[in-house]
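Q: next input, structure requested:
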Amino acid sequence: MRSVAINVAANTNEPGVRGPLYADGSFEYVPIPESEPTADPVPTYADLALDTAIPERHRDSPVHLDPEFPEYPCCERYTYGDEHGVKAGPLSELAPGDYVFFYATLATGDDRPDWAPPDWGAFVIGQFRLARVLTGEEYEAATDAERAPFRNNAHVKRDPFDARVLLEGDPDGSGLYDTAVPLSARTGGTSANRVVTALSNDSGKGPWWRRPLRFEADATESLLAIHETGDFDRCSDD
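A: Modelled structure (predicted):
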């Protein structure tokens, strides 16, 4: 069993604001704007009825709702697609039973949890236990029945379809978290904690919060256990 963690969701470039991390460790998942034409209608920020204050220019903008979690507004299944080789490459190497972790940069305030850094940090916000991994070519060659689980995915709705990889999560083992799991150290958002530096393949140097993070079997089990127990002391080098 292996896993890859990838960066998703809103940031200070798109749409100009990060989703918030709240005092109890909960958060709001805010997707990025949709940047490409779509063949099918997609939801707007207004449709999602978010608590986050979206910049005026984007309030009626369509969103790129990816990853898709069925417990989130306007979603149907656990699906994710990606057109960028830097993320699609490692994701394409995964198999059913492996995991994908989704992490986002979230804004933190004065009432943040004691394990969160000031201003902002990177946090795991959800996971898929993989049921299926398809390359873009495999999806385009698939039957209608095989394609059906991905019908609501943001890349399938694009015109033209552009995903290099599509992932389907098993409902047993997939979900949007209730409590975010920190990847940043308590000292600051750009400082990686031991989940990055000791469990993943990444050095934690440079802009690690934008890179895919790879985890082998034992490290994947450790990250799953941290989420399940909420023992965030295991994330710290202190």
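Q: any idea of the mean pLDDT in the longest helix seen in the chain?
A: Criterion DSSP state H: the longest helix present in the chain is helix 217-229. Predicted confidence along helix 217-229 averages 97 (mean pLDDT).
Q: that helix packs against which elements?
A: The contact analysis (3 or more Cβ pairs under 8 Å, 6 or more residues apart in numbering; DSSP states H and E) places helix 217-229 against strand 3-7, strand 99-107, strand 120-135, strand 165-182. Quick note: C-beta positions are derived from backbone N, CA and C, even for glycine.
Q: I'd like the next helix or strand past the first one.
A: The C-terminal neighbour of strand 3-7 among helices and strands, as given by DSSP states H and E, is strand 19-20.
Q: repeat that for the longest one.
A: Once strand 165-182 ends, the next helix or strand along the chain (criterion: DSSP H and E) is strand 184-185.
Q: just the pLDDT at D238, thanks.
A: 53.
Q: now I125
A: On pLDDT, I125 comes in at 98.
Q: how far off centre is the longest helix of the chain?
A: For helix 217-229, the separation from the chain centroid amounts to 17 Å (computed by Cα atoms, centre = their mean, to the nearest Å).
Q: also stretch 126-139?
A: For stretch 126-139, the distance to the chain centre is 14 Å (Cα atoms, centre = their mean).
Q: list the residues that contact the residue nearest to F128 when sequence neighbours are not counted.
A: Once flanking residues are discounted, F128 sits nearest to G169: 3.2 Å by Cβ to Cβ, 6 or more residues apart in numbering. Neighbour list for G169: 77-80, 100, 127-131 [criterion: Cβ atoms under 8 Å, 6 or more residues apart in numbering].
Q: how does it look with 7 Å?
A: Neighbouring residues of G169 by Cβ atoms under 7 Å, 6 or more residues apart in numbering: 78, 128-131.
Q: kindly reformat those as CSV containing distance to I6 and neighbour count.
A: CSV is the format used below for the contacts of G169 (distance: Cβ to Cβ, whole Å; neighbours: other Cβ atoms under 10 Å):
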residue, distance to I6, neighbour count
Y78, 15, 27
F128, 11, 25
R129, 15, 20
L130, 13, 24
A131, 18, 18
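Q: and of those, the nearest to G188?
A: Closest approach between the contacts of G169 and G188, by Cβ to Cβ: F128, at 29.0 Å.
Q: quick check, central residue of this structure?
A: F102 (2.8 Å; Cα atoms, centre = their mean).
Q: distance of it from V8?
A: To V8, F102 is 5 Å away according to Cβ to Cβ, to the nearest Å.
Q: who touches both of these two?
A: By Cβ under 7 Å, 6+ apart, the residues touching both F102 and V8 are P67.
Q: separation between the residue nearest to F128 and T12?
A: 28 Å.
Q: so where's the chain shaky on pLDDT?
A: Applying pLDDT under 70 to the chain flags the ranges 237-238.
Q: and the most far-flung residue of it relative to its centre, how far from P149?
A: Distance from the C-alpha centroid of the chain, by Cα atoms, centre = their mean, peaks at T143 (27.7 Å). Separation of T143 from P149 (Cβ to Cβ) stands at 12 Å.
Q: now swap in G25 and tell me
A: Going from G25 to P149 by Cβ to Cβ gives 31 Å.
Q: equivalent analysis for E137, please.
A: 17 Å.
Q: what about those two, which has more around it?
A: P149 (19 against 9; other Cβ atoms under 10 Å).
Q: which residues touch the more buried one?
A: Contacts of P149 (Cβ under 7 Å, 6+ apart): 77, 79, 168.
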